[in-house]
Every structure is written in structure tokens, then in C-alpha cells.
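In: sequence first, then the predicted structure, then my questions.
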Amino acid sequence: YRRLAGERALGQHAYHEAVGHLQAALNAFDHVRSQPANGDPEDTVRWELEVCTALGTALIVTRGHGVPEVEKAHARALSLIKGIDDPATQFPVLFNLWNFSTSAADLTKSKLLVTRMSEVVAQTDNDEMALMFHSARLRIAFFHAEYAESADSVRQVLTLYDALWNPDLSRRYAQEEPGAIALGVDSWRLWLQGCPAQAATREREARELAQHLDSPFGRAFAWAWSLASLQFRGETAQLERRASELHRHCAEQGFPTWIAWATFFEGWVVGARGHEAEGIALMAKGLGGWRGAGLRIAEPYLLALLSETCLRAGRIDAASERLAEARDRVEKTGERWWEAELHRLEGEVLLTAAGDGDRSDRAEACFRRALEVAGRQGATSLELRAALSLSRLGSSPDAHQLLGEVVGRFTEGHDTADLRAAQTQLSLIHPPTDD
């Protein structure tokens, strides 16, 4: 009864109610296990596995992706499938463990789980498993700054998604909505790779798809990707509106993960408008909530934004500390998609701090390191930022030519904040003539 009641509550998006029923069902399985065998043990194992999967999903929604209770539910599920040689049973458990590991930024384990999922998918001709495998692969590749691999899996997801999507899919896979997630991740990738207009299109497509989703949590997840996309492009007014909408929706539904995410970006907007102290407080609150939900993924990016706001507020020590945290996370986790920006910001912090006479040389080294990392990764938008910082430094004869070369690679998005700033810098170096 408790199992069915919990699954019914989950299907109706009554997540808190579902947690109560499903936890009681697991307790009942513990009691049954202590009694003499009665009925088919394989059926009992499968029912228990369904409860573990459903409970993990309900806990993600109500507590957060990376809290210990989620790991416990999925670890229990993993122990149950050891005696089951059925790819269709094994795969969702592996995916949900991947989801937990990625949320916690344990990307080494995540990559191993992606490999295991690939092996399971290879044993079958199951399009649903292929869809969810590519949904995982596109994200792990993105976080490692392996953009060609990420783009390939985005194409696979979008090819499979329309024919396969149904409400049961998200219930089996932690309320994931693979189509909206693929579009959201691809909007980030496209911006990084110097295609801001295409990124904006992807972001709109993700939001449009989200409007048709049955799951309130799935809609929140889809909307969350758009906040960073807007921040990348410096679209402050839109970001303020979207962050407020997400915050309101998640407060009504009780989704702590995305409340924290929305709060962080609300703080970034406040800081960007010149109220740095208030913005820093909100960003710190959002980051604390993110970590409180067990999430450590995207920390280098969030810490970089917080550092930059501290720098504008004149809090040099705080800016330096946040950057040190971000660099430490990159080295510990391998999450490298924002790495170039950390090097650039280190140079900006050095320039702002008073003291040593060699800070200009050290800042230039940071900017060149940012250029090297961004170039190797194919992150043209971060290469542009690094080239702009180097040009503004004014100590290198090749810096202005380099900035012009990077700007020349952009074929779209010339009205975005970064490209406008670069064009302004170039016009100061080579002012237009009346000829």
C-alpha cells in the first residue's frame, strides 16, 4: 500500500507526501526481510528497487540533488541490482547514481558511470536508455570542456526525445527532462564557443519546451539553465525577471535547489547595478543554499562571479579568497569549462591590489594563461574576455592586434556586452577618421 501510495503521490507531484509513503515502504521491506520468506523473492526485490528509485527522486526535489539521503537510496538500489542480469533494470540505477555524483562534482566517478551506462546500452537496442545515456554524456563532456563530444550527444538527445518523451520517463530518472536539459546545456556551449546569437535561440527553445512540461520540478530545472545563459550575455533586465519568476515558482512548490540558484543570480543582478554589498550578501546566501542541497557542481563559475563582484566592491582579499576556492575546485574535480575566466580574474585582482611593482607583469601572465586555456578548449567568448583584459593592460605590443583577431572571428552577437566593450577598446586604439 505504501509503495503504491508513494508512487501515486509522486505522479501527482505531491513530493513531500511521496517521501513519507516511500520511506515507510522501505521500512516495511526491512521488516519483511527479517521474516521467513513468503512469495516470490524476485518480485519483492523489484518492488523494493522501485521504491528506492522513487524515494531518491522525491528526495532530490524536496531536499536537494546531493544530500546524503539521496545517495543512501541510490546505493541501496545498486545493492539490489547486483543479482539482476537485466539491462532495463540496471540502467536507471546507474543513471541516478551518475546524477548524484555529478551534482556533488565527483566527476571522476561520474565519468566511470557514463562508461558503465555505455556498456549497458551497447547490450540492448533500447532507445530510451540511449536517450538518457546521451543526456548524461553531454553534461559530463561539457563540464570537462569537451565541447565536440557534448554537441554530439545533444544532437542524439534531440533526435530521440520527441518520439520517446512521456511522464513516466522523468519519474524513473530523477525528474529529468532530457530535451530541455540538452537545449540548456547547448546554449551554454554555444555562447562559450563564440555563437551568442545561436545560444540565445537555444535558450528560448529550452524555455518554450519547458512551458509544455507536466512536471513543476522539470520546468524549474529547464528554466534554471537560462539564468546563466542570460548572465553570460549581460542581459541584466531579462535575468532579473527570469530569476524572480524561478524563485517564485520554486518557493510555491518547495524546491530548495532552484531557490538557491535563483537567489544567487538575483544577487548578481543587484551587484551588477552598483549595489555590491547587497548583491554579495544575496550571492553568498544562494551559494550557501546550493551547497546545503548537496550541490558542488558549477562552483568554479559561481565563485568566479562572486569574486568579480567583491572586486568591484573593493574587497580585494575576499575576491582573492573566492578565486582560490574556485581554482581549488577545478583541480580537485576536473570541472574546467570556466577555468580560463579564473585565470583572467586573477590578473584583474592583481592589477587592483596595491603593492608590488611587478604586478603588471604577473597580471599579463594571467591574461596570457587565460588566452591559452580558452584557445585550447575552443572557448572563444572567454578568449575574447582575456584578449580585452590584455589590451586594456597596454603593456604588450601584440595585445591590440590579438584583440582585433579574436573579435574578427565572431560572425554574430555584435550587440552583446562583451563584443561592444571590445569594439570600444579597439576604437580607442584606432579611432575612426573622417576619410
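Out: Yep, that arrived. The shown structure was predicted, so the numbers you read here are calculated from the model rather than taken from an experiment.

In: I'd like to know which helix or strand in the chain has the lowest mean pLDDT.
Out: helix 167-172 (a mean of 73; mean pLDDT, DSSP states H and E).

In: grab the CA positions of it and hand them over as CSV.
Out: Listed in CSV are the C-alpha atoms of helix 167-172, where the atom choice follows Å, rounded to 0.1, in the frame of the first residue of the first chain:
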residue,chain,number,x,y,z
PRO,A,167,5.7,11.4,-17.9
ASP,A,168,7.0,8.1,-16.7
LEU,A,169,10.4,8.8,-18.1
SER,A,170,11.0,11.7,-15.7
ARG,A,171,9.7,9.7,-12.8
ARG,A,172,12.2,6.9,-13.5
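
In: now the element after that helix, going C-ward?
Out: Following helix 167-172 in sequence order, the next helix or strand is helix 178-192 (DSSP states H and E).

In: give the other helices and strands that that following helix contacts.
Out: helix 127-143, helix 147-164, helix 196-211, helix 216-233, helix 380-393 (3 or more CB pairs under 8 Å, 6 or more residues apart in numbering; DSSP states H and E). Where C-beta positions appear, they are placed from N, C-alpha and C, glycine not excepted.

In: helix 127-143 and that helix, what's the angle between them?
Out: With axes from the mean of the first three to the mean of the last three CA atoms, to 10 degrees defining the directions, helix 178-192 sits at 30 degrees from helix 127-143.

In: can I get helix 178-192 in CSV, CA atoms only?
Out: Extracted C-alpha coordinates of helix 178-192, given in CSV (Å, rounded to 0.1, in the frame of the first residue of the first chain):
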residue,chain,number,x,y,z
PRO,A,178,16.3,15.4,-21.3
GLY,A,179,15.1,17.6,-24.1
ALA,A,180,15.1,20.9,-22.1
ILE,A,181,18.4,20.0,-20.4
ALA,A,182,20.1,19.3,-23.8
LEU,A,183,18.9,22.7,-25.1
GLY,A,184,20.0,24.5,-21.9
VAL,A,185,23.5,22.9,-21.9
ASP,A,186,23.9,23.6,-25.6
SER,A,187,23.0,27.3,-25.0
TRP,A,188,26.0,27.4,-22.6
ARG,A,189,28.3,25.7,-25.1
LEU,A,190,27.3,27.9,-28.0
TRP,A,191,28.0,31.0,-26.0
LEU,A,192,31.4,29.7,-24.9
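
In: that one: which residues count as buried?
Out: Of all the residues in helix 178-192, those buried under the rule 16 or more other CB atoms under 10 Å are 178-192.

In: chain center to that helix, what's the gap?
Out: Centroid displacement of helix 178-192 relative to its chain, using CA atoms, centre = their mean, to the nearest Å, is 10 Å.

In: same question for that helix, mean pLDDT?
Out: The average pLDDT within helix 178-192 is 96.

In: can the helices and strands packed on helix 178-192 go into TSV with extra columns for mean pLDDT?
Out: Formatted as TSV, the helices and strands packed on helix 178-192 follow (pLDDT from 0 to 100):
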stretch	mean pLDDT
helix 127-143	97
helix 147-164	94
helix 196-211	94
helix 216-233	93
helix 380-393	97
